[in-house]
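K.L.:
quick one: sequence plus predicted model below, questions after.
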Amino acid sequence: MINGAFIPVDEAKIHITDLSILRGFAIFDYFRVRRGKAVFMEDHLERFFRSARLIGLNIPYEQSEVQGMIEGLIKKNGLEKFSIRLQLTGGYSDNGFEPATPNLFLLSLPFPNLPEKFFKEGWHVMTYKYQRELPEVKTTNYLTGIQILPLLEENDADAVLYHDGTHIRESDRSNFFIVNQEGVLVTPKDKILLGVSRKITLKVAQGVLKTEERDITLEELRSAKEMFLTSSTKPILPVTILDGKEVGNGKPGPVTTQLMELFQRYLEDYLGKA
Ligand SMILES: *Cc1c(COP(=O)(O)O)cnc(C)c1O
């Protein structure tokens, strides 16, 4: 769907003068559709509108209208299971720099089926010094993340873990948690993209273990008992190797495993609601 009109994906086009193409000026959001229902749609819509506001783009629709588009797209597709990328671009700029009327599109994508192996064995992550620009905005800028893919490959890593020389932030497209030596669940809260999966993980962890939202030093990271990533495609994925060294005993830890189950239960409840 582009600016409110349904278009087959093969014919969907945005003109080359769009600021997203010329200057990388665009924001987006991404969520899954399960049993014909957009997963945590309210949270994603709220963040999408916030991203637009923070970058100075005006979404030419009310939040309820965009929600109607999402529901219309799900109905039109007639699919129980897929995913949606919601994107707002800088529009067709006269001088190639100043934003014009934004273009809004909803792109249907396949459901992200990550191999079961990832969840059983966990991912290998590699630390890398980098701070995302406009961290609280879900911009389409993943320049560094994409540029270092060969480096990850060389180091046999599945994902990157960004830090600023002292503190850990997040991965390229996921948030990050540790279970520290004291058994506290800790996740950064500043200079990161505030993920919906992060928020729900903190919610389901309430009453299970102590949680803290604060900076994590590289030192605390190295001594953590467990660690995992969260994002809408995963939603919780254990990390078992950090910079080539095993985390704990090199297997997904008990807290991570329990949180994965609790998240799943929370999702089932959400999908079960009318
Ligand atoms: C999308 C994204 C996340 C995860 O957010 P979710 O809402 O959980 O999918 C985390 N960090 C970055 C940089 C992201 O782009």
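P.N.:
Thanks, I have the structure now. Residues are numbered from 1 along each chain as shown.

K.L.:
roughly how far does the closest residue in space to Asp43 that isn't next to it in sequence sit from the ligand?
P.N.:
The shortest distance from Asp43 to any non-neighbouring residue, by CB to CB, 6 or more residues apart in numbering, is to Val196 (4.4 Å). All C-beta spots, glycine's among them, are computed from the backbone N, C-alpha and C. Relative to the ligand, Val196 is positioned 4 Å away (criterion: CB to the nearest ligand atom, to the nearest Å).

K.L.:
ok, Glu62 next?
P.N.:
Counting by CB to the nearest ligand atom - Glu62 and the ligand are separated by 22 Å.

K.L.:
quick one: pLDDT of that residue?
P.N.:
What the model reports as pLDDT for Glu62 is 97.

K.L.:
what about it, neighbour count?
P.N.:
Around Glu62 there are 10 other residues, counting by other CB atoms under 10 Å.

K.L.:
now do it against Thr257, distance only.
P.N.:
Using CB to CB, to the nearest Å, we find Glu62 at a distance of 41 Å from Thr257.

K.L.:
just Thr211 next, same as before
P.N.:
Thr211 is 17 Å from Thr257, by CB to CB.

K.L.:
can you pull the residues of the stretch 1-150 of the chain lying near the ligand?
P.N.:
Lys138 (CB under 6 Å from any ligand atom).

K.L.:
pick out the residue in the stretch 1-150 of the chain sitting closest to the ligand.
P.N.:
Of all residues in the stretch 1-150 of the chain, Lys138 sits closest to the ligand, at 5.3 Å by CB to the nearest ligand atom.

K.L.:
for the stretch 1-150 of the chain, which segments count as helices?
P.N.:
Taking DSSP state H, counting those that start in this stretch as the criterion, the stretch 1-150 of the chain contains helices spanning 19-22, 41-55, 63-77, 116-121, 143-147, 149-154.

K.L.:
relative to Leu86, which of those is closest?
P.N.:
Closest approach to Leu86 among these (CB to CB): helix 41-55, 5.7 Å.

K.L.:
who's in contact with the closest one?
P.N.:
Residues outside helix 41-55 that contact it (CB atoms under 8 Å, 6 or more residues apart in numbering): 25, 27-31, 38, 58-59, 63, 66-67, 70, 86, 88, 102, 134, 136-139, 194, 196, 199, 232.

K.L.:
in strands, which of those residues fall?
P.N.:
27-31, 38, 86, 88 (DSSP state E).

K.L.:
in CSV, list these along with neighbour count and pLDDT.
P.N.:
Output for these, formatted as CSV (neighbours: other CB atoms under 10 Å; pLDDT from 0 to 100):
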residue, neighbour count, pLDDT
Ile27, 28, 98
Phe28, 17, 98
Asp29, 24, 98
Tyr30, 20, 98
Phe31, 22, 98
Ala38, 20, 98
Leu86, 24, 98
Leu88, 27, 98
